[in-house]
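Trainee: predicted model and sequence below, questions to follow.
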Amino acid sequence: MTIRRISRALGVAASTAVAVLMLLMVTDVSARAELGVSVPGLIEVAGSLMVVAVFLGLAVGQRTSGHIRVKMLTDRLPTRLARPVRTGALTVSMTLPVRGHDRPPRRAITGSVTRSMASRATT
């Protein structure tokens with residue numbers, strides 16, 4: 001079995017994992033909307049499927065010297081418009097980590113703890 005066939009099979013498995021993940025999420029959202037309850041254990045399964053989809057998709061990305069990204073919008077745009085949209089999206093995705101948006105806002109970490117709050121936390 002060649003590397004091309006193996007990576008293609010892994011790519012199909014990754015795509016299948018994404019499709020199953022989508023169906024499970026639609027099921028969970030529908031159940032919460034209609035019944036008011038979530039399907040037990042579905043979030044854990046969804047997290048596992050996400051890991052499976054990403055790591056199995058790496059084989060195809062490595063073979064094609066590409067990377068995983070969503071191109072649904074830019075594939076439908078005219079070429080003249082698609083390039084600036086891609087450039088803008090890449091610029092935003094590179095600046096968010098630099099600006100520190102992964103940290104909580106300052107107002108959430110400032111404040112004081114009173115003695116009564118501390119004693120309630122220990123009991």
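Mentor: Arrived safely, thanks for sending.
Trainee: where's the residue positioned nearest the centre of the chain, which helix or strand?
Mentor: The residue lying closest to the centre of the chain (Cα atoms, centre = their mean) is residue 50, at 7.5 Å. If you go by DSSP states H and E, residue 50 is part of helix 42-63.
Trainee: by contact count, what packs against that helix?
Mentor: helix 3-34 (3 or more Cβ pairs under 8 Å, 6 or more residues apart in numbering; DSSP states H and E). Every residue, glycine included, has its C-beta placed from N, CA and C.
Trainee: next one: the helix it packs on to chain centre, how far?
Mentor: 13 Å (Cα atoms, centre = their mean, to the nearest Å).
Trainee: any weak-confidence spans in the protein?
Mentor: Applying pLDDT under 70 to the chain flags residues 1, 67-70, 96-123.
Trainee: again, 50 this time
Mentor: 108-110, 117-118 (pLDDT under 50).
Trainee: what about the nearest residue to residue 75 once chain neighbours are set aside, neighbour count?
Mentor: Using Cβ to Cβ, 6 or more residues apart in numbering and skipping the chain neighbours, the partner closest in space to residue 75 is residue 82 (7.7 Å). By other Cβ atoms under 10 Å, the residues close to residue 82 number 15.
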